[in-house]
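In: Generate coordinates for the sequence data below:
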Amino acid sequence: MLTSSRLDGLRFAFGTLTVLPVRVHRWDRGAARGGMLCAPVAGLVVGGCAAGLGLLLLALGAGAPLAAVASVAVPAALTRGLHLDGLADTADGLGSGKPAEDALRIMKQSDIGPFGVLTLVLVLLAQVAVVAQLYAASWARGALAAVVAAVAARLALTLAARAGVPAARPEGLGAAVAGVVPKGAALGGAAGVVAAAGVAGACLGRYDGVRTAAAVAAGAVVAELLLRRCVRRFGGVTGDVFGAVAETAATTALVVLALGR
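Out: Take a look at the predicted model:
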């Protein structure tokens, strides 16, 4: 049975990480902690929607490429494109070569620079290419990839919100969730998600189980490398950095799923 605090955490996760009509009753650090711990659950729902639309198009006679585009578009739509926007802004900030304060100012601007555009194009192309490859191989593998990518992205948010990771600014969503998750809880949650991914993948075969678990783990590792780079470069995390680590984890997980086919 869900306690009131866990319900608040779920509301926070869905209310801040998706466009689903969920009312957030609490905005304090406790609710933020629960919300970031529940982020992979939100990813499971987002991924399920992405896989559902892809499978629907396949059932209606569409090819794997169109199904893949739909599966990649759903997470973007369900987050109002905020993660992709954060990825582009972070790429512009990192690529600017300017001091931290100036780089953060560039990231807050509404326009997207050349680094951001290039990063967005390459990431979306990679995601669509992998999901199309997996849908062409098997509807089940394509659907699993859509779900795994979304969960891996939100797991990266949980890990990025762990204690010891500072906020770069005193305001914004980044400051609201920075450092709210205890390290032990973040690592325990990561281990649980990796294990669950392995079990889900094993339904398609033993090697698929290993590869699926490895994909989630690899996504977390590469996202962590980006997180550390951003903390050194900007002095902490921002909402844009959270979006960037999410998209990085999702893309990395998909690439690992495509290897060895």
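
In: C-alpha only now, for contacts and for neighbours.
Out: OK.

In: Low-confidence stretches in the chain?
Out: Per-residue confidence for the chain (pLDDT under 70) gives these ranges: 1-4, 261.

In: Please name the residues that touch the residue most central in space within the chain.
Out: Against the mean C-alpha coordinate of the chain, by C-alpha atoms, centre = their mean, the closest residue is Ala153 at 2.0 Å. Ala153 sits next to Pro40, Gly43, Gly219, Val245, Ala246, Glu247, Thr248, Ala249, Ala250 when contact means C-alpha atoms under 8 Å, 6 or more residues apart in numbering.

In: Quick one, which of those residues are buried?
Out: Among those, the ones that count as buried by 16 or more other C-alpha atoms under 10 Å are Pro40, Gly43, Gly219, Val245, Ala246, Glu247, Thr248, Ala249, Ala250.

In: Check which residues of the one helix or strand Leu225 maps to are buried.
Out: Assigned by DSSP states H and E, Leu225 belongs to helix 206-234. The neighbour-count check on helix 206-234 (16+ other C-alpha under 10 Å) flags 208-224, 226-228, 230-231, 233-234 as buried.

In: Next: stretch 66-86.
Out: Within stretch 66-86, judged by 16+ other C-alpha under 10 Å, the buried ones are 67-76, 78-79, 81-86.

In: List the ones among these that fall in strands.
Out: Among these, no member falls in strands (DSSP state E).

In: in what helix or strand does the closest residue to Trp27 other than its chain neighbours lie?
Out: Of all residues not flanking Trp27 in the chain, Phe12 sits nearest, at 7.6 Å (C-alpha to C-alpha, 6 or more residues apart in numbering). Assigned by DSSP H and E, Phe12 falls within helix 4-17.

In: Show residues contacting that helix.
Out: The contact list for helix 4-17, computed with C-alpha under 8 Å, 6+ apart, reads 20-27, 31-39, 42, 79.
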